[in-house]
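Asker: Next input, structure requested:
(chains A and B)
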Amino acid sequence: GESVGLHLPTLSVQEGDNSIINCAYSNSASDYFIWYKQESGKGPQFIIDIRSNMDKRQGQRVTVLLNKTVKHLSLQIAATQPGDSAVYFCAENMGGYNKLIFGAGTRLAVHP
Amino acid sequence: DGGITQSPKYLFRKEGQNVTLSCEQNLNHDAMYWYRQDPGQGLRLIYYSQIVNDFQKGDIAEGYSVSREKKESFPLTVTSAQKNPTAFYLCASRRPGQGAGEQFFGPGTRLTVL
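Answerer: Got it, this is the predicted structure:
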């Protein structure tokens, strides 16, 4: 079936460095993508979203890039902080179904 | 404050028992969702409801049941037919709008079968 996957299951970075979390999606009909952050024992929190008619969207310290040619999504976190340590999920919405398909997640570990 | 609440936070069940997980939202959202999360894995969709009195099976609906009698509430029952119910259960609701939209998640219920 259709799926959303991630290239790196665990990412370790130094505090202050930039982080890049990658995600590959398989459904070319997907029209909406979201990045979520999940801290241990809590529900996922929205970070940023992007629609398929965009290539890039910026938020506070975060940027999402969408490359539809290779079906690739990335989340860039600038000046990574210890509070950014969490599991990050990408999710895609298959057009017309109004439900999200989640990837397995990438754990981001920020070291001082 | 608007949000989604789930109760209880932790739930223990003996094998063969049915249990019901609560999910309530005061965001005035039409759509609500139930997901299951296993350690080190992503979220898998159990059931979803686009509107009151209507719901559809997700990818792993076997052994679960839901109801949507009120807009604010979407309880999930884990039945004895669910062979491996120990997991973290997440409820979400989606803001209205055209097509897809951000889903807001509750804090989750961790279910353990003894």
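Asker: What residues does chain A have near chain B?
Answerer: Residues of chain A lying close to chain B (CB under 8 Å from any CB of the partner chain) are A:4, A:31-32, A:34, A:36, A:41-46, A:49, A:89, A:93, A:95-96, A:98-105. Yep, even glycine has a C-beta here, placed from its N, CA and C like the rest.
Asker: So which of these belong to helices?
Answerer: Among those, no residue falls in helices (DSSP state H).
Asker: Walking through chain A, point out its strands one by one.
Answerer: In chain A, strands defined by DSSP state E lie at A:4-5, A:10-14, A:19-25, A:30-38, A:45-51, A:56-58, A:62-67, A:72-77, A:86-94, A:100-102, A:106-111, listed in chain order.
Asker: quick one: strands adjacent to the last one?
Answerer: When pairs are called by DSSP bridges, strand A:106-111 turns out to pair with strand A:10-14 (parallel), strand A:86-94 (antiparallel).
Asker: I'd like the average pLDDT over it.
Answerer: In this model, strand A:106-111 has an average pLDDT of 94.
Asker: In that strand, which of the residues would be classed as buried?
Answerer: Neighbour counts over strand A:106-111 (16 or more other CB atoms under 10 Å in any protein chain shown) mark A:106-108, A:110 as buried.
Asker: which one of the residues you listed sits closest to chain B?
Answerer: Using CB to the nearest CB, residue A:107 comes nearest to chain B of those, at 8.8 Å.
Asker: Quick one: residues contacting the closest one.
Answerer: Counting by CB atoms under 8 Å, 6 or more residues apart in numbering or on different chains, residue A:107 touches A:9-11, A:86-88.
Asker: List only buried entries from these.
Answerer: Using 16+ other CB under 10 Å as the threshold, A:11, A:86-88 are the buried ones among the contacts of residue A:107.
Asker: for the strands of chain A, which one sits closest to residue B:14?
Answerer: Closest to residue B:14 of the strands of chain A is strand A:30-38 (CB to CB; 29.1 Å).
Asker: Tell me the strands beside that closest one, with direction?
Answerer: Using DSSP bridges, the strands paired with strand A:30-38 are strand A:45-51 (antiparallel), strand A:86-94 (antiparallel).
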